[in-house]
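Novice: Give me the fold of what follows.
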Amino acid sequence: MKTLVWVEHDNSEMKDATLSVVTAASKLGDVDLLVAGSGCAGVADQAAKVAGVGAVHLADDAAYANALAENVAPLIAGLMDGFDAVLFPATTTGKNIAPRVAALLDVMQISDILSVEGEKTFTRPIYAGNAIATVESSDSKLVITVRGTAFDKAAPEGGSASVSAVSGSGDAGLSSFVGAEIAESERPELTSAKIIVSGGRALKDSETFEQYITPLADKLGAGIGASRAAVDAGYVPNDYQVGQTGKIVAPEVYIAIGISGAIQHLAGMKDSKTIIAINKDEDAPIFQVADIGLVGDLYKVVPELMEKL
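Specialist: Numbering: from 1, shown residues only. Here you go, the predicted model:
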């Protein structure tokens with residue numbers, strides 16, 4: 001089986017999410033990468049060094065500069081005559097492009113896979129991760145999104161793939177890029193952070209969240225996350241949200257402070273290597289998945305923890 005992996009990037013650097021997808025694709029067969037962007041030859045060079053990659057296809061066109069799904073999907077669909085499967089990271093952009101590719105190919109998408117069980121057989125979470133379904137496709141072409149936390153990252157060095165130019169239909173004229181408001185932060189990106197400190201609704205307001213969560217995260221060099229309840233209450237921006245409708249993370253250490261552990265939140269962080277929970281309710285669901293649980297008032301516990309650190 002020959003597979004194509006769409007490379008997520010910002011036209012200058014390849015995103016780590018791609019490396020996990022390469023690992024998943026390698027379990028199906030030969031792996032080629034597609035770099036679609038504008039002025040992104042440097043990304044193609046990075047992609048060519050990824051271990052296990054056979055070839056890199058570079059579509060360098062202004063139409064692909066911002067990864068607009070309406071433009072990128074026809075490009076990918078047009079390349080699929082030479083491939084049996086195309087895989088995307090289950091990121092915001094990947095999940096935007098993949099369904100359009102599936103529609104153009106008239107096949108069913110297989111979303112958020114956790115493992116590869118056979119050539120056309122995969123596992124994926126359902127019911128917010130409470131059950132794992134084994135699914136088998138009967139389609140001739142596979143369109144797959146990959147949950148990055150379920151696969152090890154391929155080595156970013158060691159490969160020597162060839163780079164060749166490809167072209168598509170360019171601008172479909174269906175959408176245009178207006179602008180992006182990107183939060184700048186010196187903190188590690190949530191999906192790649194080794195330590196994450198998350199706060200919940202128990203923190204009352206944005207000032208309290210800042211007072212208790214930020215210093216602890218600074219001390220640990222951690223990323224900052226939040227439950228949906230905290231985001232909906234306006235304590236922090238949407239890009240902090242961890243959970244089924246937020247970001248799926250699997251850091252080395254996940255510290256949940258004042259988070260009860262709703263099923264949607266657990267779906268986004270239960271693959272973390274070590275989960276530490278601080279909550280005053282000893283019956284909070286978060287303690288069912290926590291490796292270390294502390295029943296106590298966060299307003300007393302967190303300052304004590306800071307003193308110890």
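Novice: in this protein, what spans have low per-residue confidence?
Specialist: For the chain, the stretches with pLDDT under 70 are 182-185.
Novice: quick one: contacts for the most centrally placed residue in it?
Specialist: Most central residue of the chain, judged by C-alpha distance to the mean C-alpha position with C-alpha atoms, centre = their mean, is T91 at 4.3 Å. By C-beta atoms under 8 Å, 6 or more residues apart in numbering, the residues touching T91 are 8, 15, 17, 148, 191. C-beta coordinates here come from the backbone N, C-alpha and C atoms, glycine included.
Novice: got those residues as JSON lines, with neighbour count and secondary structure columns?
Specialist: Putting the contacts of T91 into JSON lines (neighbours: other C-beta atoms under 10 Å; DSSP: H, G, I helix; E, B strand; the rest coil) gives the following:
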{"residue": "E8", "neighbour count": "21", "secondary structure": "coil"}
{"residue": "K15", "neighbour count": "19", "secondary structure": "coil"}
{"residue": "A17", "neighbour count": "23", "secondary structure": "helix"}
{"residue": "G148", "neighbour count": "26", "secondary structure": "helix"}
{"residue": "T191", "neighbour count": "21", "secondary structure": "helix"}
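Novice: Adding distance to I224, write those out as TSV.
Specialist: Formatted as TSV, those follow (distance: C-beta to C-beta, whole Å):
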residue	distance to I224
E8	22
K15	20
A17	19
G148	20
T191	13
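Novice: So which of these is the closest to G29?
Specialist: Proximity of those to G29 (C-beta to C-beta) peaks at G148, which lies at 20.0 Å.
Novice: now the closest one, nearest residue through space, not along the chain?
Specialist: Excluding the flanking residues, the one nearest G148 by C-beta to C-beta, 6 or more residues apart in numbering is S20, at 3.9 Å.
Novice: So that neighbour sits against T145, correct?
Specialist: No - counting by C-beta atoms under 8 Å, S20 does not reach T145; the two are 11.3 Å apart.
Novice: correct me, but N71 touches S176?
Specialist: No - if you go by C-beta under 8 Å, N71 and S176 don't touch, sitting 10.0 Å apart.
Novice: who's more crowded, these two?
Specialist: Taking other C-beta atoms under 10 Å, N71 and S176 do not tie; N71 has more neighbours (28 against 10).
Novice: how about the more buried one, what does it touch?
Specialist: 63-64, 168, 170-172, 174-175.
Novice: any chance of these in a markdown table, plus neighbour count?
Specialist: Converted to a markdown table, those look like this (neighbours: other C-beta atoms under 10 Å):
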| residue | neighbour count |
| --- | --- |
| A63 | 21 |
| Y64 | 21 |
| G168 | 20 |
| G170 | 14 |
| D171 | 15 |
| A172 | 16 |
| L174 | 10 |
| S175 | 12 |
